[in-house]
Structures are given as C-alpha cells and as structure tokens.
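Q: one predicted model, sequence on top.
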Amino acid sequence: MFSLLFMAVLTAQAEVTHLAVEKLNGTETTRALAQLGKIVMGFDDICLYDNAGTNLGCTPMAQIGKIVLYKEGTTTLDDVESNLQIVLNPTSENLFVHGIAGEQTIRIYSMQGHLIQSAGSMNGEANINVSGVPSGTYLLQVGAQVVKLLIRDK
C-alpha cells in the first residue's frame, strides 16, 4: 500500500497541492491532495480514496503513463518538468534521466512507498545503477514528477 507518509514527504518537498494520474491514452484523473484519504498501489492497479474511504476510482498499472504531483496554478501537466526523459525503462542495469531542472535528488520507491535507492543529478542528468534492485515495478520520483519504473532480470 502506498504510504500516506510517502505522500506527505512528497508534498512537503515539492510544495504540491494536486495529484494527476495520466494514462497512456492521454486521459488523466486529477485530485486535490486535501481530498485524498489514501492512495493504494497494488501490483495491478492504483486506487484513489477520499477522506471518508469512498473509492474514487482505480486505474490498471499497465495503462499508467505517469503520476504527477503539482502545485495548483500549473496550467497543464506538460508544464510540470516537461523536459524530463527517462531512458532504458524497463532496465536491468543502468537508468539514465535527462532534462532534470537544476540539481535534484532522484528517488526510487517500492510500490509500498519504501525508499529503495536515491541518487543526485549533475548538469540536468543522472545515471543510476539499479543492477542490485530486484526485478519488479517501482516508482521513480524527480521533483514533483513520479513515473512508473520497471526493473527486470538480466
């Protein structure tokens, strides 16, 4: 289960107010973080619940393109770190992240919200060795953007 502590850490770091789940087909679901009671990420889907525990909807993981946390007033999701490129996803050894705004920490989280690995960026880029990370689905966070990361066996 996606940890509310994880969401609070992301919110504090990025000063964000909203969460958007963008599907591969271009559609998106956007919610104010204040309206979300919990986010549950399983192996097959992500489900959003309000503060009363009502399911607001689920999206299959296979259909998710990216998850973005952003500050209210951003006009579109394309305005949020639009130059970010993740190369070799899925990967088994090295992951390259390009187009990072400034010097930032890149974090890899398990689907349960546990920090697995972190690395810093230099000159808008990062090279992360994930050869020691077990195969599976993870979340990669760069600033306010969170994307699905697939690590596979060699």
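A: Now that the structure is in, tell me what you want to look at.
Q: for stretch 48-66, buried residues please.
A: Buried residues in stretch 48-66, counted by 16 or more other C-beta atoms under 10 Å: Leu48, Tyr49, Cys58, Thr59, Met61, Ile64, Gly65, Lys66. C-beta here means a position set from N, CA and C on the backbone, and glycine is covered the same way.
Q: low pLDDT regions in the chain?
A: Along the chain, the model assigns pLDDT under 70 to residues 1-16, 71-85, 88-89, 154.
Q: what ranges do the strands span in it?
A: Applying DSSP state E to the chain gives strands spanning 18-23, 28-32, 36-41, 45-50, 55-60, 64-70, 85-87, 94-98, 105-109, 115-120, 125-129, 136-142, 145-151.
Q: output the buried residues of stretch 48-66 in CSV; the columns should cover distance to Glu125.
A: Rendered in CSV, the data for the buried residues of stretch 48-66 read as follows (distance: C-beta to C-beta, whole Å):
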residue, distance to Glu125
Leu48, 32
Tyr49, 37
Cys58, 35
Thr59, 30
Met61, 27
Ile64, 25
Gly65, 22
Lys66, 19
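Q: contacting residues around Pro90?
A: Counting by C-beta atoms under 8 Å, 6 or more residues apart in numbering, Pro90 touches Leu149, Leu150, Ile151, Arg152.
Q: quick one: which of those is nearest Thr91?
A: Closest approach to Thr91 among the contacts of Pro90 (C-beta to C-beta): Ile151, at 6.2 Å.
Q: write the ChimeraX selection for whichever of the contacts of Pro90 are buried.
A: Applying 16+ other C-beta under 10 Å to these, the buried members can be selected in ChimeraX as follows:
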select :149,151
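Q: biggest separation within the contacts of Pro90, which pair?
A: Leu149 and Arg152 (10.6 Å).
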